[in-house]
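Q: Have a look at this fold, sequence not included:
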């Protein structure tokens, strides 16, 4: 079982956070930090005895010989700027949050999205445009009886999101107004599709223009609610038409849709929302490369988005090499409810929170934020084993493995942080950042079966650290 008792995140740990040096400085400092003497650290262990646990004594940088493997952080070598870390706020997640008591919900949202020492600073959310498979039912914003069409979108309405999703988003924005939001559709309205169904089928060419305006109306409608979309992807998992809802959209079709319809529609409406292509597995990098190689589509495309249900994480780097001016995003990975905490902790941190940024991703998102104890709600045919980052049983909150995988980055790597060079030791996967205030963050995984003692080197000095087998640590100075 991947659940962790709410009691493990106790007041004592929260109080300790405020006493440790270094944490939170990057949110307020300006300018490059001087060479530090001490390093604060937070650890999560595979056996769950420590869960984002602040360590009682900091590490010390000293002018002495290194011990064990050396991870050298060199902030003179910089890479991409980070947009944030977070989750997919599914309609089902919003429904469960909205069902909580007002006081309990506010407390939880402040923990998730707050940037004080008591919050984990989630800074990026993915939303579904219409229903995802983790909504209680399938819907679009322009559903019609069979046989009817609405090419002018006269019946377009965000009403399905106004019940749960939009109210929760407004509460989140009140806590963190700078959070970035990404929208992704699982399916267009069924009347736009070749099979007339919510599941499968393809977008009819005669409705390319109408579907482009569907995106425009969505973005403008959310803006009227005070909700700004930083970006959209054109289609969630365009090569997986077996979900409910879903759509098959081949790379050539997506390129044509973007280049001749969606991009021009955004330009005409003067929308600044980024257009991101693909949004599917890393085993098919040829898909985004096909879109980016299309001269008509390319000017409108900000970059490509990926999932890791198939393929290697370093395929992201290969797309970057082909189009270094286009951005990369990691937008989804689930946790199965029948899998174990210890296996997920190391795999997700190694591949997603270390591997994706080291391959130029600007963000990292786990899949659903919240589910109930039976992994509900979901559509008929939707995912029945998607474990939320938190499990909600009314007002009772259980923090699961994805809570901690995200928190180890989101709490410390604030938006605007820049990835910097750090040594790949072969036994201690890691990634490092310089924060906007000149601080530093280093995320390290011990993926070995025994404890590892190693040295963190910065500015010519070494700090000795030890990590238990399978543990994850964030070091801040």
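A: Thanks, I have the structure now. Bear in mind that the values here come from a model prediction, so they are computed numbers and not experimental data.

Q: which residue is nearest the middle of this structure?
A: With the centre of the chain defined as its mean C-alpha position, the nearest residue by C-alpha atoms, centre = their mean is residue 365, 1.7 Å away.

Q: surely it meets residue 86?
A: Yes. Contact between residue 365 and residue 86 holds when scored by C-beta atoms under 8 Å: they sit 5.6 Å apart. Bear in mind the C-beta positions are built from the backbone N, C-alpha and C, glycine included.

Q: Name all residues that make contact with the nearest residue to residue 335 once chain neighbours are set aside.
A: The spatially closest residue to residue 335, leaving aside those adjacent along the chain, is residue 387, at 4.6 Å (C-beta to C-beta, 6 or more residues apart in numbering). The contact partners of residue 387, by C-beta atoms under 8 Å, 6 or more residues apart in numbering, come to 2, 334, 335, 336, 337, 339, 371, 375, 400, 401, 402.

Q: Tell me how far residue 387 lies from residue 172.
A: Relative to residue 172, residue 387 is positioned 21 Å away (criterion: C-beta to C-beta, to the nearest Å).

Q: same thing with residue 395?
A: With the distance defined as C-beta to C-beta, residue 395 ends up 18 Å from residue 172.

Q: Neighbour count: those two, which is higher?
A: residue 172 (22 against 13; other C-beta atoms under 10 Å).

Q: Which helix or strand contains the more buried one?
A: Counting by DSSP states H and E, the element that carries residue 172 is helix 165-175.

Q: which other residues reach the lengthiest helix in the chain?
A: Taking DSSP state H as the criterion, the chain has its longest helix at helix 208-224. If you take C-beta under 8 Å, 6+ apart as the criterion, helix 208-224 is touched by 129, 141-142, 150-153, 156, 158, 166, 183, 188-189, 192, 203, 228-229, 232, 256-257, 260-262, 264-266, 269, 271, 273.

Q: So which of the residues you listed belong to strands?
A: Cross-referencing the contacts of helix 208-224 with the strands (criterion: DSSP state E) gives 129, 183, 232 as the overlap.

Q: Show the buried residues in these.
A: Buried subset of the ones in strands among the contacts of helix 208-224 (neighbour count, 16 or more other C-beta atoms under 10 Å): 129, 183, 232.

Q: Could I get the contacting residues of residue 279?
A: Residue 279 makes contact with 184, 233, 234, 235, 236, 237, 238, 305, 306, 307, 331, 332 under the criterion C-beta under 8 Å, 6+ apart.

Q: got these as JSON lines, with pLDDT columns?
A: Formatted as JSON lines, the contacts of residue 279 follow (pLDDT from 0 to 100):
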{"residue": "184", "pLDDT": "98"}
{"residue": "233", "pLDDT": "99"}
{"residue": "234", "pLDDT": "99"}
{"residue": "235", "pLDDT": "98"}
{"residue": "236", "pLDDT": "98"}
{"residue": "237", "pLDDT": "98"}
{"residue": "238", "pLDDT": "98"}
{"residue": "305", "pLDDT": "99"}
{"residue": "306", "pLDDT": "99"}
{"residue": "307", "pLDDT": "98"}
{"residue": "331", "pLDDT": "98"}
{"residue": "332", "pLDDT": "98"}
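
Q: Make TSV out of those and add neighbour count.
A: Converted to TSV, the contacts of residue 279 look like this (neighbours: other C-beta atoms under 10 Å):
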residue	neighbour count
184	23
233	25
234	26
235	26
236	27
237	22
238	23
305	28
306	28
307	22
331	25
332	25
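
Q: what about the helices in the protein?
A: With helices called from DSSP H, the chain shows them at 11-19, 91-98, 102-113, 159-162, 165-175, 208-224, 251-257, 263-268, 286-293, 315-322, 341-348, 355-358, 401-410.

Q: In TSV, list the ones you listed along with mean pLDDT and distance to residue 135.
A: As requested, the helices of the chain are arranged in TSV below (pLDDT from 0 to 100; distance: least, C-beta to C-beta, whole Å):
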stretch	mean pLDDT	distance to residue 135
helix 11-19	33	34
helix 91-98	98	4
helix 102-113	98	19
helix 159-162	98	8
helix 165-175	98	9
helix 208-224	98	16
helix 251-257	98	24
helix 263-268	98	26
helix 286-293	98	26
helix 315-322	98	29
helix 341-348	98	24
helix 355-358	98	26
helix 401-410	98	19
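
Q: And the ones you listed: which comes nearest residue 63?
A: helix 11-19 (26.9 Å; C-beta to C-beta).

Q: Neighbouring strands - and their directions - for the lengthiest strand in the chain?
A: Of all the segments assigned as strand in the chain under DSSP E, the longest by residue count is strand 69-81. In the sheet containing strand 69-81, its partner strands are strand 418-422 (antiparallel), strand 452-458 (parallel), by DSSP bridges.

Q: nearest to residue 41, of those strands?
A: Across these, the minimum distance to residue 41, taken as C-beta to C-beta, is reached by strand 452-458, at 9.7 Å.
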